[in-house]
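Novice: What would the 3D arrangement of this be:
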Amino acid sequence: MKNIILFDNEAREQLLPLTFTRPVGELRVGIMTIREKWERSLGGKVSFLTQDYLAKKYPIHIEAENFVIDGSVIPTPELTRLVAQLDLNEALMDGDDFIAAKVTNDQIIHLINNEPIAALEGIDIEGTPFLKIRHTWDLFRYNKTAIQLDFVALTKKRKSAPISATNTIINKHQIFVEEGAKVECSVLNATGGPIYIGKDAEVMEGCLIRGAFALCANATLKMGAKIYGPTTIGPHSKFGGEVKNSVVFGYSNKAHDGYLGNSVIGEWCNLGANTNNSNMKNNYSTVKVWNYELEAYDNSGEQFCGLVMGDHTKCGINTMLNTGTVTGIFGNIFGAGFPAKFIPSFTWGGVDELVTYRLEKALKVAEKVYQRRNIPFNEVEQNIIRTIFEQTHKYRSWEVETALVEDKQTVTFSKS
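Specialist: Predicted structure coming up:
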């Protein structure tokens, strides 16, 4: 079995807040996470070279020979073949960008210690098709291609479980249902892309689904949901209402009506009943999104860009979220009107005021949430959250910050 190490590169800063709580390689796009894609395609086991505070949860494993791969790169059959053919001291390069290499254990240790290693022989892969996640919006922008790649990988030489005759099916050969899944009285149209229903997932009555679509293991689509692809609902999530071109990592809920479009939702999030987000500006211009690295709004270049929500963030009923809204982790958003387009981690409130979500209270809520899923909320998890709380403190200490003013929108923060 091949030993694979996915490392965080400079894209990690661009992928915040989603990478506060995980390595880049644990992002979900398509049906599987990037880690799961590499493990399946190369036939190996992945570990991570990531941030120090994440290393205990995601430790690195080093062997005599190792494939070191940029964690933001999504494998294609062509790229996987080139990686598998690498000899020791060979590296794949896309111009100046490092993609993958095969190295020894000593070389890995030198790399960890920021020490020079023996020169690698570079192999240019210009023209080889692959996907690279550079920004948060790439997750929904590339989701159709990622679903198609994963669908082929997961269903190759396999037969779908029977699909109930109560459903209306269009383009059946592009629909795959895993064992234990339930799908009744719904419309599944795979003309625009494949539809994958994971193990023990459930599509309740009256759902309207257009591919490409993935409902991952143990996830639920609530009655009457309207899904426009390409959309992914991650494992153990419950979603209803109207959803378009969005990626949900897992363990998150939007159980009621409301619209979600061109968005990425992390884990342990909850969108209250009738939560709606805008995904296009009234003047049809491209959308500006908060950039953690620049500490300012940055033009995404996307005309359609909705919500990016970090882990453990929740919003109350009837919440309205503007185009290109970014929320950190452990947010609690509520109240009338449109809140700020950037909501820092560990904050409560809405239009009028945001105040600090006290750390110990946040930890108690997280413990209860984990217990509901029989997942241990151990010291490792707690220390990760504590570290992020300290790292993001500067955003919550502002009283008035002009960097958060866009289109004459002013936001006031209360000091923690």
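
Novice: and Cys305, what is it in contact with?
Specialist: Counting by C-beta atoms under 8 Å, 6 or more residues apart in numbering, Cys305 touches Trp137, Asn262, Asn279, Val287, Val289, Thr323, Gly324. To be clear about C-beta, it is placed using only N, CA and C from the backbone, and glycine gets the same treatment.

Novice: whoops, Tyr357 was the one
Specialist: Counted by C-beta under 8 Å, 6+ apart, Tyr357 has contacts Phe330, Gly331, Asn332, Phe346, Thr347, Trp348.

Novice: Check the gap between it and Gly310 for me.
Specialist: Between Tyr357 and Gly310 the distance is 12 Å, computed by C-beta to C-beta, to the nearest Å.

Novice: pLDDT weak spots in the chain?
Specialist: Judged by pLDDT under 70, the chain has its weakly predicted residues at 397-416.

Novice: Which residue is most remote from the mean position of this structure?
Specialist: Distance from the C-alpha centroid of the chain, by C-alpha atoms, centre = their mean, peaks at Ala118 (34.9 Å).

Novice: Tell me if that residue really is in a helix.
Specialist: No - using DSSP: H, G, I helix; E, B strand; the rest coil, the assignment for Ala118 is coil, not a helix.

Novice: Contacts only, for it.
Specialist: Taking C-beta under 8 Å, 6+ apart as the test, what Ala118 contacts is Asn89, Gln107.

Novice: same deal with the one 4 residues further on?
Specialist: In this structure, Gly122 makes contact with Ala91, Leu92, Met93, judged by C-beta under 8 Å, 6+ apart.

Novice: try Leu294
Specialist: Per C-beta under 8 Å, 6+ apart, neighbours of Leu294: none.

Novice: just use 19 as the starting number from now, easier for me
Specialist: Happy to do that; since the first residue is 19 now, the last one works out to Leu312.

Novice: State the three-state secondary structure for it.
Specialist: coil.

Novice: which stretches of the stretch 119-268 of the chain form helices?
Specialist: All helices of the stretch 119-268 of the chain, identified by DSSP state H, counting those that start in this stretch, fall at 123-130, 156-159, 161-173.

Novice: ok, and which of the ones you listed has the densest surroundings?
Specialist: helix 156-159 (a mean of 24; mean count of other C-beta atoms under 10 Å).

Novice: And for that one, what's in contact with it?
Specialist: Contacts of helix 156-159 (C-beta under 8 Å, 6+ apart): 36, 45-47, 149-151, 248, 263-265, 280-282, 320.

Novice: Measure how buried Glu83 is and give me the count.
Specialist: If you count neighbours by other C-beta atoms under 10 Å, Glu83 ends up with 14.

Novice: Kindly reformat the helices of the stretch 119-268 of the chain as TSV containing distance to Lys272.
Specialist: Below are these laid out as TSV (distance: least, C-beta to C-beta, whole Å):
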stretch	distance to Lys272
helix 123-130	40
helix 156-159	15
helix 161-173	17
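
Novice: can you tell which of those is closest to Asn288?
Specialist: The closest of these to Asn288 is helix 156-159. By C-beta to C-beta, the value is 19.8 Å.

Novice: for the chain, longest strand please?
Specialist: Ordering each strand of the chain by length in residues (DSSP state E) puts strand 115-122 first.

Novice: name the helices or strands packed onto that one?
Specialist: Contacts defined by 3 or more C-beta pairs under 8 Å, 6 or more residues apart in numbering; DSSP states H and E place strand 115-122 against strand 83-88, strand 108-112.

Novice: now Gly367: how far from Glu260?
Specialist: Counting by C-beta to C-beta - Gly367 and Glu260 are separated by 27 Å.

Novice: now Glu81
Specialist: 48 Å.

Novice: more crowded one of those two?
Specialist: Glu260 (17 against 14).
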